Structures are given as structure tokens and as C-alpha cells.
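**Student:** turn this into a model:
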Amino acid sequence: MEGSVVIRIWAKLFKDNHMIKDTTIEDYSEDTRTHKVFNSLEKACREFDLAVPIWLKSNVADFKRNSKTRFTKDSFIEDVEFDYLEFHVIEEDY
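**Tutor:** Numbers count the residues shown, from 1 in each chain. Coordinates of the predicted model:
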């Protein structure tokens, strides 16, 4: 897969400062990094049986700065049974 970027993302659900669920998503597609990030978030939410959260300005800023963000209850339209979803790029290979 020459020229493509492999991205690995770790999504974790936390309640009371304890991780209650996690998953790792790998994307080997030819998509842009942005599309891979959005697609990975959708895949993680499907695995967790959640609606996809809304990217607030604070999420975008955190992700641009650290390749990591936390989606709190404010990012979800429906009520959720956890405190936050942490979404973190753990590996990118060019």
C-alpha cells in the first residue's frame, strides 16, 4: 500500500474514572486522514452501539493539537451511560 497512510485509533468509554469499554480501529484505505478519523469514529460508535458525537470547537482544537479528544455528554444528542468517550490516534504509518 505505497503512498497510503495507515491509521490506528483507540476509542475508550469511561465512567467514574474507569475504562468500561474500548476498541481499536485500523484504517488502511486510500482516504484522507480526516476521512479516516471520521470513519474510525463512526466504526467505534457502531461497536459501542452509540450515536456518533458532535465535534464541538473544543474537540477540534484538542484533536488538532494532540491527535486526541474527549467527547463528553454534551457532544451526544441522546443520554449516555458514561462520562466521556476518549478518541486517540495511537499510530500513523506513512
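
**Student:** now stretch 75-85: average pLDDT?
**Tutor:** Stretch 75-85 shows an average pLDDT of 95 in the prediction.

**Student:** cool, stretch 24-31 as well?
**Tutor:** Stretch 24-31 shows a mean pLDDT of 92 in the predicted model.

**Student:** helices of the protein, residue ranges please.
**Tutor:** Secondary structure of the chain (DSSP state H): helices at 33-48, 57-66.

**Student:** where in this structure is pLDDT low?
**Tutor:** Across the chain, the stretches falling below the confidence threshold (pLDDT under 70) are 1-5, 94.

**Student:** got the residue ranges for the strands in it?
**Tutor:** With DSSP state E, the ranges of strands along the chain come out as 6-15, 18-27, 68-72, 84-93.

**Student:** quick check: Ile77 touching Ile54?
**Tutor:** Yes - judged on Cβ atoms under 8 Å, Ile77 makes contact with Ile54 at a distance of 7.4 Å. For glycine as for every other residue, the C-beta is placed from the backbone atoms N, C-alpha and C.

**Student:** just give the number of residues close to Lys68.
**Tutor:** Number of residues near Lys68 (other Cβ atoms under 10 Å) recorded here: 14.

**Student:** do I have it right that it meets Tyr84?
**Tutor:** No - here Lys68 lies out of contact with Tyr84, judged by Cβ under 8 Å, at a distance of 11.9 Å.

**Student:** neighbours of Val52, how many?
**Tutor:** Close neighbours of Val52, defined as other Cβ under 10 Å, add up to 16.

**Student:** look up how far Asp16 lies from it.
**Tutor:** Noted for Val52: a distance of 24 Å to Asp16, by Cβ to Cβ, to the nearest Å.
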